[in-house]
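A.B. asks: curious how this folds, go ahead:
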Amino acid sequence: MKLREIASEKAPETVNYAPAVELTGHERLLFVSGQIPVARGGAVAEGFAAQTRQVWANILHHLEAAGMDYDNVVKVTTYLSSHEHRMEYRALRDEILGGRRPALTVVICDIFDPAWLLEVDVIAAA
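C.D. replies: The predicted structure follows:
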């Protein structure tokens with residue numbers, strides 16, 4: 001599998017993410033449904049940082065079950081409950097992804113459960 005970041009000189013520059021990702025040579029795609037800040041057993045993480053780490057841990061669990069890891073993530077869609085979390089989320093996501101630059105979308109919206117401050121879904125390829 002090969003990922004190639006695409007960035008048009010005619011479009012705005014991006015920070016910490018790829019504006020477009022070309023994927024070639026893959027055999028499998030994994031679509032991970034929106035992951036919520038809930039641990040197995042139902043406990044909801046407290047605070048935005050803990051919720052973000054729980055969401056990404058849940059994503060990693062599903063990736064690993066498919067024989068993948070964060071290197072396989074090609075697209076991330078994040079739903080935040082408030083603008084106030086956007087910069088903290090960016091820093092945490094960048095830390096968790098360790099310099100990986102998938103295609104990204106962030107949406108500010110109501111979340112299904114008011115106790116959840118974010119939800120994240122990903123597409124991965126192998």
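
A.B. asks: output the longest helix belonging to the protein.
C.D. replies: helix 48-65 (DSSP state H).

A.B. asks: what residues sit buried inside it?
C.D. replies: Judged by neighbour count using 16 or more other Cβ atoms under 10 Å, the buried positions of helix 48-65 are 48, 51-56, 58-60, 62-63. Where you see a C-beta, it was placed from the backbone N, CA and C, and this is true even at glycine.

A.B. asks: show me what the mean pLDDT comes to for it.
C.D. replies: Mean pLDDT, helix 48-65: 98.

A.B. asks: now it: how far from the chain's centre is it?
C.D. replies: When C-alpha coordinates are averaged (Cα atoms, centre = their mean, to the nearest Å), helix 48-65 and its chain have centres 9 Å apart.

A.B. asks: which elements pack onto it?
C.D. replies: The helices and strands touching helix 48-65, judged by 3 or more Cβ pairs under 8 Å, 6 or more residues apart in numbering; DSSP states H and E, are strand 29-35, helix 86-97, strand 118-125.
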